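Asks: next input, structure requested:
(one chain, ligands or ions: 1)
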Amino acid sequence: MSSSTVSSDAPPDLIDREGIILLVDRFYERIREDDLLGPIFSEIAQVDWETHLPKMYDFWDTVLFRSGTFRGNPLDAHAKLVAKTEMSRVKFDHWLEIFRQTVAELFEGENAEHIVRCAEDMANVIYSKINNVPDPRFDPANLSDEQRERYSAYKEKSSET
Ligand code: HEM
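Replies: So this is what the prediction gives:
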């Protein structure tokens, strides 16, 4: 059996910046069409997509592949939105749902799973910080060893910049 037959239609894993660009473009295409989240970007924040998309390529490239190209402050960016619209759990869950669907449509593998876990973690952090509500998952007693390791690596990385 040839290798092309073996690889058949299984989606590839997310292995490089090219994949990130594909994912981010597809994700925000969906977000822009979304009734709940689209208006937050287009009307409330009036996002300039020519700036936002490359910023998001750099963000995920830094999270996944440590490119170090992201410059920004995600907490501030979302905290500013709280005064203008409710940044509810429902909205974060919906954001995550679209993110998961987009990843699943394009990729399959370790990195694909990892980027979804990162997004889930960050959604929890952003949601709880900007709304000033505790996140029970961040009670150290509830963390798995893998999560504890991941969070401390993330903290070290963000304190370097
Ligand atoms: C309800 C969910 C969310 C909404 C409505 C939302 C909306 C937005 C908007 C409107 C901006 C642009 C702000 C501006 O340019 O002034 C933004 C920036 C950003 N978002 Fe979100 N977001 C959500 C969740 C998330 C999550 C879960 C993540 C991370 C996994 C994330 C990562 C980012 C990053 C990295 C930026 C750029 C921040 C910067 O400029 O430094 N967002 N978001």
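
Asks: need the residues of this structure near the ligand, please.
Replies: Residues of the chain found near the ligand, taking Cβ under 6 Å from any ligand atom as the criterion, are 37, 40-41, 45, 47, 52, 55, 59, 72-74, 77-78, 81, 87, 91-92, 95, 119, 122-123, 126. C-beta coordinates here come from the backbone N, C-alpha and C atoms, glycine included.

Asks: middle-most residue in this protein, spatially?
Replies: In the chain, the centroid-proximal residue (Cα atoms, centre = their mean) is Ala119; its distance is 3.8 Å.

Asks: what is the burial count for the closest residue to Ile20 other than its chain neighbours?
Replies: Closest residue to Ile20 apart from its sequence neighbours, by Cβ to Cβ, 6 or more residues apart in numbering: Trp60 at 4.8 Å. Counted with other Cβ atoms under 10 Å, the neighbours of Trp60 add up to 22.

Asks: still on that earlier bit, wait, doesn't the residue nearest to the centre of the chain sit right on Gln101?
Replies: No: under the criterion of Cβ atoms under 8 Å, Ala119 makes no contact with Gln101, lying 11.9 Å away.

Asks: how is the residue of the chain found nearest the ligand assigned, secondary-structure-wise?
Replies: The chain approaches the ligand most closely through Gly72 (2.3 Å), counting by Cβ to the nearest ligand atom. Assigned with DSSP: H, G, I helix; E, B strand; the rest coil, Gly72 falls in the coil class.
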